[in-house]
Every structure is written in C-alpha cells, then in structure tokens.
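Visitor: Need a 3D model of the following:
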Amino acid sequence: MRTDELQARTKGPRLRLRVTAAAESVLRSGHPWLFADSIREQNRTGQAGELAVIYDHRDRFLATGLFDPDSPIRVRLLHMGKPRAIDHNWWAERLTWALDAREGLFDEHTNGFRWINGESDGWPGLVLDHYDRTLVLKLYTAVWLPRLEEITGLITLRLRPERLVLRLSRNIQKVAQRQFGKADGEILLGPPLNGPVTFLETGLRFEADVLRGQKTGFFLDQRENRRQVEALARGRDVLNAFSFSGGFSLYATRGGARSVTDLDLSAHALAGAKRNVALNASNASVTSCGHEFVQADAFEWLNHQQGRRFDLVILDPPSLAKREIERPGAIRAYGRLALSGIEHLRPGGILVACSCSAHVTAEEFFEAVRKSVVSAGRTFRELRTTGHAPDHPATFKEAEYLKAIYLNV
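Guide: From the prediction side, this is the model:
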C-alpha cells in the first residue's frame, strides 16, 4: 500500500501528538525515538504504520514519524524541521540517500554488505542486506507492515535483485501473519531456495542462511574485524571462540595461520563453518592450515582446557546484556571471559575481544578487558579499538552495539 493510500484509508483527522518539554529537547537533539510516556496529548487512537505529526509546546511542527500503538517506542521519527509531505517521492529520495552513502565502499571481491541500517540511515526499524543477487529485508517493528508493498516496490525497482527475502523479528511475526499474511523467511520476489545462498567477502566465499539464520543470515557487521584478524594471523595458532560459521577462522587461515580451532556449542554452526572452508578449497592457504572444530560450551571449555595455548585468541560471544538491568552482570561476565581467554595466550599473543551488547558502552567493555589483563598479572600493549563498519553506521547511543579491542599481551 502506498503512503498516500494508507493515509487516505485512516479514519479521522491526521494523528497529532504533543510531547513533554523533556521529550521535545531530546527530539531536537536528533534522537529518533519518541516513547509512549513522553506523549502528553493525542487527538485520537492511532494505527500501526500511520504517520503521526508531533508538535512542540508552542503548537509548532516538530517532527513526523511512524506510529506504533503496541510499542513503548510509540513513534519512530522520519523527518524533522520544516513540514514536508511523506509520500512516494520522499521514500524514493530516502532510499537513494542510503545507497549513495555506500558508494565506493566495496569492489567486485565483496558482494555481501548492508544497504540500509535502520534509524541511522533514516529507515527506523528496517535493515536491507545484500548477498550477491539476493536481498534480505528485515523488519523489527510492525510500522512497516502496512507499507511493505510500497517499500519492496521501491527496492526492487532500484536494485533489481534476483530474489528478495522477508525476515521478521520475533515480536512482530504473529501480527504479520494474522493481519498481513506475511511470514518470516517468505520469498517476496524471485525463485525458491533449497538452501543457503553464497556470497563473496574480501574474496572469500561464505554461505548465508537467509531464510532462517540469525540476523539476515550472516554477521556482516564483523567484516572489518575479520580483515584485521587476517593481518595478524601469520604463523600463529588461533582460537576462535564462539566461532559460529567460522568467519574469523577463514580470514585467519588465508592470513597464514599455522592452525585454527573453531569452538562453538552449536553443531549446526560448526557444520556451516566446515562448509565455508569447503567453499574456499581452491585457496592454498586455507587448505594447508590445520583446522580443528570443537563442539563445546565456550565458557566451560575456556575454564577447563588449561593446557591449550594459542598465539591469537578471538572472543566474540553473543550479547550478554539484552536488557539494561543485565548491564552490570554483563560487564563482569566480559571481564571473566577475557581473563579466561588470556590464560590460553602464550607470551606475546594477541587477544581480540568483541561485544555486541548495546547496553554495555564501549568504554565499559574496554575497561573490563584491560582490568582482566592486569588482574592476570600480565602486561599488555593496546593495538587498537574498533566500532561499527562503514555500512553499519550508528548515529545515536542505542544504535552503538559493536566494539572490539585488540591487545598484545
């Protein structure tokens, strides 16, 4: 349904909201979310995906956004400043802006990357990933469901994919099925899939389970850190803890690692890692490297395999703080995990510790890792810290989830 058609079908006058002075200040600072408890006046009940116009305390236009009556984030902002029609042309311009921002980032050796990264690209709660000729559109909020036809039409017209796959976060899967007849993993355009798709990243081949895999099928956001690991791996024995599909490991093997150990609890993930190795069998560095796959709980393995030593240890666990209340415990857990990793490092080894917990700040995470080295009685030289990849921009605090620290211990 087009934007203008959706608005025409909405009963009653345009949805108008007035917000608290505190919320007004936050929105003017550029934050893209308006929370339910910040609304002090609303002229009528709103529908999911409807355009809401927000006014300041002087009854002047402040912003326009997408309304969600069932979420604490009641409005996801689209536009601030002077009033402007949010119509088909506006969406087309917004798509062009996101695509232009990636111009020149990737060459023919990389065809797996992100076109749209949610709020930070002006598309709140929506991401669009590119895997060779397959695009994956993932929605994290129901506000996009009434607009799905229009948005997918714009995307397919502009990018001409062979296939477009819809992914839905768990919190909206039921409403998507019940009200819109859409399911997670549904192919909106193109031929069916019998398995994962394959794509290139810096010349390495990987598979992505775009129908059922985590995120949109692959962790594209760690690309730059994988490249750093490749540059550090030559001649080293490498441990990749929480290895998932072996992305860091493949880069390490191509970088000349002496041996690589993939450690993960999931047999499914390790099977995917083995297939990724097979996809790169033509690369002599990959095939000549000793490669071990260990199925175990990484936390327990690190604590009980004290005799194993490596020259490069990579720690990339899943999020340890999915809610703010879990933040203090997560900081302590990151410290303990780093300490376990350090105990498996030979002198002069390198620790690469990563976090994808948005509720833990970069400095909190980095400091927890540094303190672990000191508590272990080891000295270190900090090589670098990293954040988001250029195709995964983060323009506000809540979007800043990814960070990594490299220590020569």
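Visitor: Bridged to residue 261, which residues?
Guide: Following DSSP bridges, residue 261 is listed with bridge partners residue 239, residue 292.
Visitor: gap between the residue of the chain most remote from its centre and residue 18?
Guide: Most distant from the centre of the chain: residue 58, at 38.5 Å, with distances by CA atoms, centre = their mean. Taking CB to CB, to the nearest Å as the measure, residue 58 falls 10 Å from residue 18. Glycine gets a C-beta too; all of them are placed from N, C-alpha and C.
Visitor: now swap in residue 220 and tell me
Guide: 40 Å.
Visitor: again, but for residue 311
Guide: 60 Å.
Visitor: for the longest helix anywhere in the chain, packing partners?
Guide: Identified as the longest helix of the chain according to DSSP state H is helix 327-342. With contacts taken as 3 or more CB pairs under 8 Å, 6 or more residues apart in numbering; DSSP states H and E, helix 327-342 sits against helix 298-304, strand 310-315, strand 345-355, helix 362-375.
Visitor: now for the ones you listed, which one comes closest to residue 39?
Guide: helix 362-375 (31.5 Å; CB to CB).
Visitor: CA-only coordinates of that closest one in CSV, if you can.
Guide: Taking C-alpha atoms only, helix 362-375 is exported to CSV below (Å, rounded to 0.1, in the frame of the first residue of the first chain):
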residue,chain,number,x,y,z
ALA,A,362,32.4,0.8,24.5
GLU,A,363,34.4,2.2,27.4
GLU,A,364,32.8,-0.1,30.0
PHE,A,365,33.7,-3.0,27.8
PHE,A,366,37.2,-1.9,27.0
GLU,A,367,38.0,-1.2,30.7
ALA,A,368,36.6,-4.6,31.8
VAL,A,369,39.0,-6.3,29.3
ARG,A,370,42.0,-4.2,30.3
LYS,A,371,41.4,-4.8,34.0
SER,A,372,41.3,-8.6,33.3
VAL,A,373,44.8,-8.4,31.8
VAL,A,374,46.1,-6.6,34.8
SER,A,375,44.4,-8.9,37.3
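Visitor: That helix relative to strand 345-355, how many degrees between them?
Guide: With axes from the mean of the first three to the mean of the last three CA atoms, to 10 degrees as the basis, helix 362-375 and strand 345-355 are set at 160 degrees to each other.
Visitor: what's helix 362-375 in contact with?
Guide: The contact list for helix 362-375, computed with CB atoms under 8 Å, 6 or more residues apart in numbering, reads 327, 331-332, 334-336, 338-339, 342, 351, 353, 355, 357, 379-380, 382, 385, 387, 400, 403, 405, 407, 409.
Visitor: Please give the centre-to-centre distance between it and its chain.
Guide: Relative to its chain's centre, helix 362-375 lies at 23 Å (CA atoms, centre = their mean, to the nearest Å).
Visitor: show me where pLDDT drops low in the stretch 1-150 of the chain?
Guide: Within the stretch 1-150 of the chain, the stretches with pLDDT under 70 are 1-11.
Visitor: State the helix or strand in which residue 130 lies.
Guide: strand 126-131 (DSSP states H and E).
Visitor: about what we covered before: is it possible to get TSV of the helices and strands packed on helix 327-342 that adds distance to residue 215 and mean pLDDT?
Guide: Formatted as TSV, the helices and strands packed on helix 327-342 follow (distance: least, CB to CB, whole Å; pLDDT from 0 to 100):
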stretch	distance to residue 215	mean pLDDT
helix 298-304	19	95
strand 310-315	19	98
strand 345-355	15	97
helix 362-375	20	96
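Visitor: Between those, which one is closest to residue 115.
Guide: Smallest distance to residue 115 across the helices and strands packed on helix 327-342 (CB to CB): 23.7 Å, for strand 345-355.
Visitor: Now do the closest one: distance to the chain's middle.
Guide: Once both centres are worked out by CA atoms, centre = their mean, strand 345-355 turns out to sit 24 Å from its chain's centre.
Visitor: Please name the bridge partners of residue 165.
Guide: With DSSP bridges as the rule, residue 165 is bridged to residue 136, residue 187.
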